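Colleague: no FASTA, just this:
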């Protein structure tokens, strides 16, 4: 068995092409490159779209970047024929080892996608492969698009919405999540009601009518509230548990800062007061008990903060509403304006908070997705291109089904 036969086995079924010759040449950077020249026998036929065998009309030389051979870059060069199809049109034959107009073989693209899947930033993949990063992004967009086209989005009834940014404080996008499947179904540019409308239109066009969305989990953004009310007519809004808890946590911290102006011992205890007490160390628990005993207002504020945790355990809407009314009344009577403001905020979002007892949905899934997205953003040092960022979110969190890029 000679070297040509070995390389033909490595390339897989490429008939009627065969390796005509192999060359080791010096590249532009004076590194050795492997060049495989392919040809096909005279008189070969090629199938058109209808499956009919057609003879070559003429040929044109094409070149593709292939997987490296050891440390050497490898290129395929082949005469690609044009045929006169049965419909009378002259068409270029599709070669079995590459997509049209890419300059890469399918195996090369599969390798690049594998590196990205292993959480390597695209810029690093391009540097490793010695290619322009935009060419790698073009490959990435294509395969994400192919996977999206074969993914179904029917029957989505519970939706979560959250925003994130391409860089810190720049170019926000809104992420739409199927809460039942725990996957991102679409990402829209912006973080306003228009972005919510775009997500609704996507569902409408992909087998999940907007009228069929029953529950929505969002933060307290006025733009999200308006967008959901306009777009999802039958959707009941549930304000995310994390953001409601954050409102009360902010009240606790504001009270701590006010008290700290006169009590130096409160310095450095922000998270002692904000953390779930179950997650505090023994030393921190002792410090917490001392603070609550020494400072009555801090103790009262902490009691209100922890008391609200019980709300999330209610299953009966009527009991939950009575509990929340009592909690707001205690905030009003406490005389501590940070908690009085928190009670006002909760009253302003009353129905969406109470809906939690029925829907039991939250943005906890979205917080996990957002963490994964922000980690990718950090590794890539931000995304200058919003389209790239959106494709990366869908790739990482869309649970897309990718078909094998290359089959021998």
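Modeller: Great, that's in hand. Note that this is a predicted model, so its numbers are computed, not measured.
Colleague: now do the strands in the stretch 1-150 of the chain.
Modeller: Counting by DSSP state E, counting those that start in this stretch, the stretch 1-150 of the chain has strands at residues 18-26, 32-39, 45-47, 53-69, 72-84, 90-92.
Colleague: just put those in CSV and tack on distance to residue 330.
Modeller: C-beta: built from backbone N, CA, C; applies to glycine. Conversion of these to CSV gives the following (distance: least, CB to CB, whole Å):
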stretch, distance to residue 330
strand 18-26, 81
strand 32-39, 76
strand 45-47, 78
strand 53-69, 68
strand 72-84, 72
strand 90-92, 76
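Colleague: out of the ones you listed, nearest to residue 248?
Modeller: Among the strands of the stretch 1-150 of the chain, the nearest to residue 248 by CB to CB is strand 53-69 (56.2 Å).
Colleague: quick one: the closest one to chain centroid distance?
Modeller: In terms of CA atoms, centre = their mean, to the nearest Å, the centre of strand 53-69 is found 36 Å from the chain centre.
Colleague: ok, stretch 294-313 next?
Modeller: With CA atoms, centre = their mean, you get 36 Å for stretch 294-313.
Colleague: okay, and for this structure, where does confidence drop off?
Modeller: For the chain, applying pLDDT under 70 flags the ranges 1-10, 169, 404-408.
Colleague: so what are the domain limits for it?
Modeller: 3-146, 241-359 (automatic domain parsing).
Colleague: which helix in this structure has the most residues?
Modeller: Of all segments of type helix in the chain, defined using DSSP state H, the longest is helix 241-260.
Colleague: can you add distance to residue 386 and mean neighbour count and give the strands of the stretch 1-150 of the chain back as a markdown table?
Modeller: A markdown table is the format used below for those (distance: least, CB to CB, whole Å; neighbours: other CB atoms under 10 Å):
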| stretch | distance to residue 386 | mean neighbour count |
| --- | --- | --- |
| strand 18-26 | 41 | 13 |
| strand 32-39 | 36 | 18 |
| strand 45-47 | 41 | 16 |
| strand 53-69 | 28 | 15 |
| strand 72-84 | 33 | 18 |
| strand 90-92 | 34 | 14 |
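Colleague: looking at these, spot the one closest to residue 219.
Modeller: Between residue 219 and the strands of the stretch 1-150 of the chain, the shortest gap by CB to CB is with strand 53-69, which sits at 45.6 Å.
Colleague: if we can go back for a sec, by contact count, what packs against the longest helix of the chain?
Modeller: Here helix 241-260 touches helix 270-274, helix 296-307, helix 337-348, helix 364-380, going by 3 or more CB pairs under 8 Å, 6 or more residues apart in numbering; DSSP states H and E.
Colleague: dump the domains of the chain to TSV, plus distance to residue 235.
Modeller: Formatted as TSV, the domains of the chain follow (distance: least, CB to CB, whole Å):
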stretch	distance to residue 235
domain 3-146	28
domain 241-359	10
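Colleague: out of those domains, which is closest to residue 182?
Modeller: Proximity of the domains of the chain to residue 182 was assessed by CB to CB; the nearest stretch is domain 241-359, lying at 15.7 Å.
Colleague: distance of residue 41 relative to residue 99?
Modeller: Distance, residue 41 to residue 99, using CB to CB, to the nearest Å: 25 Å.
Colleague: same question, residue 351
Modeller: Relative to residue 99, and taking CB to CB, residue 351 is found at 52 Å.
Colleague: who's more crowded, the two?
Modeller: When residue 351 and residue 99 are compared for neighbours, residue 99 comes out ahead with 18 against 11, by other CB atoms under 10 Å.
Colleague: once you drop chain neighbours, what's closest to that one?
Modeller: Distance criterion CB to CB, 6 or more residues apart in numbering; nearest residue to residue 99, sequence neighbours excluded, is residue 106 at 6.9 Å.
Colleague: also residue 341?
Modeller: Residue 341's closest residue in space is residue 251 (CB to CB, 6+ apart), at 6.7 Å.
Colleague: swap in residue 192?
Modeller: Per CB to CB, 6+ apart, closest to residue 192 is residue 223, 4.5 Å.
Colleague: tell me, how many residues neighbour that neighbour?
Modeller: Neighbour tally, residue 223, other CB under 10 Å: 17.
Colleague: which element is it on?
Modeller: Per DSSP states H and E: residue 223 is located in helix 222-231.
Colleague: list the buried residues in that helix.
Modeller: 223-225, 227-228, 231 (16 or more other CB atoms under 10 Å).
Colleague: now, which of those sits nearest residue 372?
Modeller: Nearest to residue 372 among these: residue 224, at 21.2 Å, using CB to CB.
Colleague: unless I'm mixing things up, that closest one is touching residue 230, no?
Modeller: No. At 10.9 Å, residue 224 does not count as touching residue 230 under the criterion of CB atoms under 8 Å.
Colleague: anything in contact with each of these two?
Modeller: Listed as contacting both residue 224 and residue 230 by CB atoms under 8 Å, 6 or more residues apart in numbering are 193, 196.
Colleague: can you confirm residue 319 is in a helix?
Modeller: Yes. Under DSSP: H, G, I helix; E, B strand; the rest coil, residue 319 falls within a helix.
Colleague: OK, contacts around it?
Modeller: Applying CB under 8 Å, 6+ apart, no residues contact residue 319.
Colleague: what do you get for residue 276?
Modeller: Counting by CB under 8 Å, 6+ apart, residue 276 touches no other residue.
Colleague: fine by me, thanks again.
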